[in-house]
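Give me the fold of what follows.
(one chain, ligands or ions: 1)
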Amino acid sequence: MGSTQHSLPGRNACSQALPRNQVFGRRKPDQTGTTATHPETVSLKITADRLSLDRDNRYDFSMTPMMKQYHEAKAACGDALLFFRMGDFYELFLEDAKTAAGILGLTLTSRDKDSANPTAMAGFPHHQLDGYLQKLIRAGYRAAVCEQVEDPKTAKGLVKREVTRIVSAGTLTDEGLLDPREANYVASVCLMHAKGAKKNSPKTVAGIAWAELSSGRFEAGTFDAARVDDELARIGPAEVIYREDDAHFHPDTTAPWSWTSRPAWSFAEDSATETLCKQFEVSSLDGYGFEDNDSAAIRAAGGVLTYLQETQRNDLSHFRGIVSHRKSNFLQIDAATRRSLEITRTIRSGSRDGSLLGVIDRTCTSMGSRLLSDWIAAPLIDGPAIEARLDAVAEFVSDAKLRSDVRETLKQTFDLTRLMARIATQRTGPRDLLQVAGTLSNLPKLKARLTDRDSERLTFIEAHLHLCPELRSKLESALADDCPISAAEGNFIRPGYDAELDSLRELAKGGKQWIAEYQKRQMDETGITNIKVGYNRVFGYFLEVSNSQKDRVPDFFIRKQTLKNCERYITPELKEYEEKVLAADDKASAREQHLFLEIRSLTHSHLSTLQEVAAAMAELDVLASQAEIASTRNWTRPTLTDDSILRIESGRHPVLDVTMPQGEFVPNDCMQSPEAGMIQLITGPNMAGKSTYIRQVALITLMAQAGSFVPAASAEIGLADRIFARVGASDELSRGQSTFMVEMVETARILNTATSRSLVILDEIGRGTSTYDGLSLAWAITEHLHEQIGCRTLFATHYHELTQLEESLPRVANLNVAVKEWNDEVIFLHRIVRGGADKSYGIHVARLAGIPKAVNERAKDVLAQLEADHRDALDRPTIRSPGGSDANGASVNGQYQMTLFGFADHPLIGQVDQLDLDSMTPIEALQFLQEAKQGLSSPSV
Ligand SMILES: Nc1ncnc2c1ncn2[C@@H]1O[C@H](COP(=O)(O)OP(=O)(O)OP(=O)(O)O)[C@@H](O)[C@H]1O
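Alright, predicted model coming up:
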């Protein structure tokens, strides 16, 4: 899905007390102006005293109070579609109804059909809200939910309604709308002039903050402005907000998240700091680790928090602090690399399944699954922190019983992070509380299994599994074994918990019993055999007698209603009991609601403690999951070093290792060091396994730095600061860039930002242009990486000419993928061996792919002819190194002609070389130039 753009009202826009003359949303002038023709668009520009305008912008005195109420609510929710609760239904009106009918497949009807201006409407039963919200948000819209906030039974006049929340892609919290394994962030971007940069310097930095409403997770950091796309790709938000007046920020509308512009004031430093301090109940943000140059991060955080406060009417008390994200703690991975390596999503389907994350995830809880995603998306660079994770994984690997006990116990628990967020936002019901109790009841087992462990992380986790015994016992004694989702459904407090509730329930039950007996008594006394006791909201309890027996009805039956086949009666005695029953029923439900609020508030008071428990459980789950996959796949603990080296013995691609049948994947070594070669050029036939090999090396490095065991017999990994992968050419026409342009932009980034500690993998650079251009670029890029950067590089290529570089550049090594030719067949061995390859077997692979035989045969002829004609020219070109000598400083195999840069051996070069410029006059120089030019245009040269 491409991204969508929204704008939302600023401060107070969701409040019912609307400021005068505030314009909501960023509509075009003709839509917001007073000359607008549609009544519904007129209402977008609305003030407290102009709530019911007709199409000519006059008061519409004929508008019903309910429609007035609707317009008030609509005015408070910007461009969101309004779901207006009416009894058991949500209704949409006017333009919203038309839009929703199309997207949600609702039937479009109309109110006041006979009037000149019928009102379009569409609706659905209230219990279908989640499904429709999800559909609407997937289609790129936002929705406002307007609820009845008082009980219609007790309401005097029109039921009070309020917009309780505005739901957008980034502010979803409903369980049914979220994937439990994925975080759902709303992020915010705020660009600003870098502190300390000169006034006219273009240097900008970007503050990026990301928050998750369903968990209370909140982070912010300051980044180089050029990294915005990379950081957003790491975070993977559902929605991104930005300053509406920021002329320098251009949202990438092809990104898979929606964009929402927000008023500038919400990003102002003062108001951002104030909003954050107020939320966290602190007087300054000093304690959160922000530095002097972090004002962009604070602005972005303020922007996102204000957005949440405005769109959510509920308590946000689960946002108790913010983590300052220090990018220097994490392995830098840009968006293209992330995509190429399929770290958390596959390229083809964009799904988690089939990605590195999808394959290694063996977590037992959704909290663990989300944390593992964070770890894999942002591996570490700090050796001790990685070792601490590996120690814990190793402990779980070596103690299989401990691992299975912990995992089995974790499976019995619930998503405490999201449960606590629902409790904080008061969107919770008895079943959530029961799940908190269920989770708490498993903590003693987990804690007991983690005592006296060697690993520092397991000890830390054990210390953070707070048992909360009073809360647990309260919840267990209060809640029935089976609780409804919503408190309104009742009957969830366990009998025996509250004496008052028990006696009310008894009374209500006794009353119902009495009614049953009363029915029987009336039948006996009157001889009417088919008296039925019924109930409706108009008459309450009544006696129903069919027409055939109504002659026998005694005098004290008071007739209330005549239906086609029967009559309905009440009696004074029945009414008296009815009052008792209904009163007891009402009182019992009121008491139950009261008890619910009491235990919910008790649970809420444990918010911070339970958030710590949730974080500890998530980490425990991830560590045990890493150990589980390591044990089942026989993965090994990597050794981390501070050198720029890689020594992988029998490495496997982590995804193919799991998805290919056991034993089919051919393991390969990788040795990279100044001695073994820092730049490895991998040539070999198509389909041989070059891309697989270079990706596997990058993924093994990434996994090791995330604290995971790796698919190899042994692995020594020099900690990398950045991983770059330029793999394949993805079509970026939608971004207005050609395939080749994208390839070059990405390569330029590598050359400009890689350091000697980085790991670079390149797959077929230069393929998207002519052979000579491509080869020249690949050649120069390799030289640059070797001479200027000196980082570990794996370069898979079909330019066999590049293998010559091994002879001139000391830290370049050639590898190729072995194949066996057998009776005109090529057998792929998938084994990486030393040396360069000289054939690509492309025609062979084309045959395997089903290219028609005739085409294939013809291709073979053409190839043979081309090879004969151009063997010397193409196979062994000699390229001068930048210093003027050729790659070896001498001729290669006696050939000195320059086939790539045909000018290099031109006699003119020698003549220019001979010139003594000091002794030449300008005229002589010009004469030389003229002769040279004539010489060049002469066909003989
Ligand atoms: N080590 C291996 N063991 C077993 N199968 C492998 C191995 N490496 C690769 N393969 C198989 O070979 C297929 C092709 O591999 P890959 O795409 O890496 O080849 P390539 O050399 O990069 O090809 P091309 O040059 O055409 O892009 C893979 O999809 C995989 O199924």
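
and Tyr132, what is it in contact with?
Shown in contact with Tyr132 (C-beta atoms under 8 Å, 6 or more residues apart in numbering): 83, 90, 100, 104, 124. Backbone N, C-alpha and C define where each C-beta goes, glycine included.

swap in Phe83?
Phe83 sits next to 90-92, 129, 132-133, 143-146 when contact means C-beta under 8 Å, 6+ apart.

Specify the beta-bridge partners of it.
Val145 (DSSP bridges).

Distance of Thr641 relative to the ligand?
To the ligand, Thr641 is 25 Å away according to C-beta to the nearest ligand atom, to the nearest Å.

And for Phe223?
33 Å.

How about Val655?
Distance of Val655 to the ligand, computed by C-beta to the nearest ligand atom: 10 Å.

what number of residues lie near that residue?
Val655 has 21 neighbouring residues, counting by other C-beta atoms under 10 Å.

Would you check that my belief about it contacting Gly354 is correct?
Yes: counting by C-beta atoms under 8 Å, Val655 does reach Gly354; the two are 7.0 Å apart.

intersection of neighbour lists for these two?
Contacts common to Val655 and Gly354, judged by C-beta under 8 Å, 6+ apart, are Glu342.

Which of the contacts of Phe83 sits closest to the ligand?
Leu133 (40.5 Å; C-beta to the nearest ligand atom).

which ones are touching the closest one?
83, 143, 145, 167, 172, 174, 177.

would it count as being in a strand?
No: Leu133 is assigned helix when assessed by DSSP: H, G, I helix; E, B strand; the rest coil, not a strand.

OK, contacts around the most centrally placed residue in the chain?
Nearest to the mean C-alpha position of the chain, by C-alpha atoms, centre = their mean, lies Gly236 at 3.7 Å. Contacts for Gly236 (C-beta under 8 Å, 6+ apart) come out as 182-183, 185, 257, 344, 377.

Distance-wise, check the nearest residue to Cys566 once chain neighbours are set aside relative to Met523.
Spatial nearest neighbour of Cys566, chain neighbours left out: Ser546 (4.9 Å); criterion: C-beta to C-beta, 6 or more residues apart in numbering. Distance, Ser546 to Met523, using C-beta to C-beta, to the nearest Å: 13 Å.

Over to Glu619?
From Glu619 to Met523 the distance is 68 Å (C-beta to C-beta).

got it, and Leu809?
105 Å.

out of those two, which sits in the busier spot?
Neighbour count, other C-beta under 10 Å: between Leu809 and Met523, Leu809 has more, with 20 against 15.

What sits closest to the more buried one if chain neighbours are left out?
Nearest residue to Leu809, sequence neighbours excluded (C-beta to C-beta, 6+ apart): His786, at 4.8 Å.

for Pro152, same thing?
Closest to Pro152 by C-beta to C-beta, 6+ apart is Val159, at 5.0 Å.

rewinding a little: could you measure the residue nearest to Cys566 against the ligand, distance?
Distance from Ser546 to the ligand, by C-beta to the nearest ligand atom: 77 Å.

hang on, isn't that residue packed against Arg552?
No: Ser546 is beyond contact range of Arg552, at 10.8 Å (criterion: C-beta under 8 Å).

Now for the residue of the stretch 601-750 of the chain found nearest the ligand: which residues touch it?
Across the stretch 601-750 of the chain, the shortest distance to the ligand (C-beta to the nearest ligand atom) belongs to Gly689, at 2.8 Å. By C-beta under 8 Å, 6+ apart, Gly689 lies in contact with 666, 817, 828, 830, 832.

if you set the cut-off to 6 Å instead, what comes out?
817, 830 (C-beta atoms under 6 Å, 6 or more residues apart in numbering).

cool, and Leu805?
Contact analysis of Leu805 by C-beta under 6 Å, 6+ apart lists 782, 812.

which is the next helix or strand following the helix or strand it falls within?
For Leu805, the element it lies in under DSSP states H and E is helix 805-808. Next helix or strand after helix 805-808 toward the C-terminus (DSSP H and E): strand 812-822.

Report pLDDT for the nearest residue to Leu446 once chain neighbours are set aside.
Excluding the flanking residues, the one nearest Leu446 by C-beta to C-beta, 6+ apart is Thr409, at 5.3 Å. The score at Thr409 is 98. That number is its pLDDT.

same question, Ala904
50.

Neighbours of the closest residue to Ser283 other than its chain neighbours, how many?
Spatial nearest neighbour of Ser283, excluding adjacent residues (C-beta to C-beta, 6+ apart): Cys277 at 6.3 Å. Residues near Cys277, counting by other C-beta under 10 Å, number 14.

Then the one 4 residues further on?
Glu281 is surrounded by 9 other residues when neighbours are defined as other C-beta under 10 Å.

tell me which strands and helices the host helix or strand of Glu612 is in contact with?
For Glu612, the element it lies in under DSSP H and E is helix 607-633. Here helix 607-633 touches helix 366-377, helix 383-398, helix 400-411, helix 416-424, helix 456-464, going by 3 or more C-beta pairs under 6 Å, 6 or more residues apart in numbering; DSSP states H and E.

and the ones you listed, which is most packed in?
Mean neighbour count (mean count of other C-beta atoms under 10 Å) peaks for helix 416-424 among the helices and strands packed on helix 607-633, with a mean of 25.

Show me the contact partners of that helix.
So helix 416-424 is contacted by 214-216, 315, 317-318, 367, 428, 432, 435-436, 439, 603-604, 607, 610-611, 614 (C-beta under 6 Å, 6+ apart).

orientation of that helix relative to helix 366-377 in degrees?
120 degrees (axes from the mean of the first three to the mean of the last three C-alpha atoms, to 10 degrees).

Show me which residues of this structure sit near the ligand.
By the rule C-beta under 6 Å from any ligand atom, the part of the chain lying against the ligand is 664-666, 684, 686-692, 796, 830.

Can you lay out the residues you listed as CSV showing pLDDT?
Below are these laid out as CSV (pLDDT from 0 to 100):
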residue, pLDDT
Glu664, 90
Phe665, 94
Val666, 95
Gly684, 84
Asn686, 82
Met687, 84
Ala688, 86
Gly689, 91
Lys690, 91
Ser691, 92
Thr692, 94
Ala796, 93
His830, 90
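
could these go into JSON lines alongside secondary structure and distance to Ser340?
What follows is those, written out as JSON lines (DSSP: H, G, I helix; E, B strand; the rest coil; distance: C-beta to C-beta, whole Å):
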{"residue": "Glu664", "secondary structure": "coil", "distance to Ser340": "24"}
{"residue": "Phe665", "secondary structure": "coil", "distance to Ser340": "20"}
{"residue": "Val666", "secondary structure": "coil", "distance to Ser340": "22"}
{"residue": "Gly684", "secondary structure": "coil", "distance to Ser340": "20"}
{"residue": "Asn686", "secondary structure": "coil", "distance to Ser340": "19"}
{"residue": "Met687", "secondary structure": "coil", "distance to Ser340": "19"}
{"residue": "Ala688", "secondary structure": "coil", "distance to Ser340": "19"}
{"residue": "Gly689", "secondary structure": "coil", "distance to Ser340": "17"}
{"residue": "Lys690", "secondary structure": "helix", "distance to Ser340": "14"}
{"residue": "Ser691", "secondary structure": "helix", "distance to Ser340": "10"}
{"residue": "Thr692", "secondary structure": "helix", "distance to Ser340": "13"}
{"residue": "Ala796", "secondary structure": "strand", "distance to Ser340": "12"}
{"residue": "His830", "secondary structure": "strand", "distance to Ser340": "20"}
